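Colleague: Pasting the sequence and the predicted model now:
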Amino acid sequence: MGKPEKRIAQMLEILKQERGVSVKDLAARLDVSEVTVRRDIEKLKKNQQVNFVSGAVMYASSEDKSYQLLEEEVKNYSEKDRIAQKAASLIEEDDVVIFDVGTTAVQVVKYIPEEINITAVCCTVNTLIELRKKKNVQIIFLGGYFHRGTEMFESQEGIRLLERTCATKVFSTAAGVSEMLGVTCVNNYEIGIKTAAIKSALKKILLVDSTKFDRVCSGRFASLGDFDVIITDQGISPRWKEITQELEIEFYTV
């Protein structure tokens with residue numbers, strides 16, 4: 001194996017281990033120029049081995065192509081991160097919190113204060129991994145059939161467990177928010193758990209970046225009025241502030 005082949009193999013190993021790496025970071029770690037890295041990336045893109053999204057290079061795992069979870073993680077990352085920080089600030093001692101499917105919900109877990117005692121309910125592997133790092137968090141994990149594209153487990157048993165759970169808060173996510181057609185998701189298999197989570201929680205909190213508004217996806221799981229709180233970013237249209245005000249929804253832009 002020649003030097004270029006060894007470098008590309010090393011690059012792929014880095015990308016397999018990490019969610020997204022910048023060209024600058026790859027160049028530093030491989031001890032080559034950014035021009036060389038970009039040339040290698042073009043070769044890998046032609047072979048459909050990597051994706052390049054929002055300035056990040058990502059390994060193109062074939063099992064994730066249905067939903068492109070890795071791409072979702074880097075889309076509007078800074079906005080989602082601010083939304084997650086605000087959401088985490090709403091968590092209180094002894095809360096029972098349901099964490100929905102979605103990359104923003106995972107980010108919330110990272111900002112849970114280490115000293116706080118809560119019970120967390122989740123259904124995705126990536127959320128579970130982050131929750132395990134919080135020593136004062138008791139975890140309830142919903143099992144079932146594993147959907148690789150979203151890292152979600154889904155089953156009727158999991159839905160029934162949610163229905164028996166009395167939660168103080170749920171952090172819901174969505175792929176689309178429409179004034180007329182409500183709150184929607186991409187995958188219909190998410191609907192059962194999303195709906196049960198909303199019904200089981202005292203306070204319903206929707207975490208959604210501004211690009212999801214005025215967008216409709218196939219799986220409708222809630223009406224806009226089902227939510228008590230919406231947290232989004234500053235790119236939101238002023239019209240939505242008026243809509244949520246009429247529905248008496250607490251509306252935060254971060």
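Modeller: Ah, there it is.
Colleague: Please, where are all the strands along the stretch 101-250 of the chain?
Modeller: 118-122, 137-141, 145-147, 152-154, 167-173, 176-178, 182-185, 201-207, 219-222, 229-232, 250-253 (DSSP state E, counting those that start in this stretch).
Colleague: And residue 190, what's its pLDDT?
Modeller: Listed pLDDT for residue 190 reads 95.
Colleague: residue contacts, it?
Modeller: Residues in contact with residue 190, defined by Cβ atoms under 8 Å, 6 or more residues apart in numbering, are 101, 150, 152, 154, 219, 221. Heads up, the C-betas are built off the backbone N, CA and C, glycines and all.
Colleague: for residue 109, same thing?
Modeller: Contacts of residue 109 (Cβ under 8 Å, 6+ apart): 88, 99, 120, 127, 130-131, 134.
Colleague: what's the distance between it and residue 121?
Modeller: 12 Å (Cβ to Cβ, to the nearest Å).
Colleague: my read: residue 94 touches residue 117, true?
Modeller: Yes. Contact criterion Cβ atoms under 8 Å: residue 94 and residue 117 qualify, at 6.2 Å.
Colleague: picking up where we left off before, most neighbours, which of the contacts of residue 190?
Modeller: residue 101 (29 neighbours; other Cβ atoms under 10 Å).
Colleague: What residues does it make contact with?
Modeller: Neighbours of residue 101 in contact, by Cβ under 8 Å, 6+ apart: 123-124, 150, 152, 173, 185, 190, 193-194.
Colleague: what's it sitting at in phi/psi?
Modeller: Main-chain torsions, residue 101, degrees, to the nearest 10: phi -70, psi 150.
Colleague: Now flag whichever of the contacts of residue 109 is closest to residue 199.
Modeller: Looking at the contacts of residue 109 and their distance to residue 199, the nearest is residue 99, at 15.9 Å (Cβ to Cβ).
Colleague: which ones among the contacts of residue 109 are found in helices?
Modeller: 88, 127, 130-131 (DSSP state H).
Colleague: Let's have the strands of the stretch 101-250 of the chain in a markdown table, adding mean pLDDT and distance to residue 80.
Modeller: Output for these, formatted as a markdown table (pLDDT from 0 to 100; distance: least, Cβ to Cβ, whole Å):
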| stretch | mean pLDDT | distance to residue 80 |
| --- | --- | --- |
| strand 118-122 | 98 | 17 |
| strand 137-141 | 97 | 21 |
| strand 145-147 | 92 | 21 |
| strand 152-154 | 94 | 18 |
| strand 167-173 | 97 | 9 |
| strand 176-178 | 94 | 15 |
| strand 182-185 | 94 | 16 |
| strand 201-207 | 98 | 8 |
| strand 219-222 | 94 | 20 |
| strand 229-232 | 98 | 10 |
| strand 250-253 | 96 | 13 |
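Colleague: Just put those strands in CSV and tack on distance to residue 26.
Modeller: Formatted as CSV, the strands of the stretch 101-250 of the chain follow (distance: least, Cβ to Cβ, whole Å):
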stretch, distance to residue 26
strand 118-122, 32
strand 137-141, 34
strand 145-147, 30
strand 152-154, 30
strand 167-173, 30
strand 176-178, 34
strand 182-185, 33
strand 201-207, 31
strand 219-222, 36
strand 229-232, 32
strand 250-253, 34
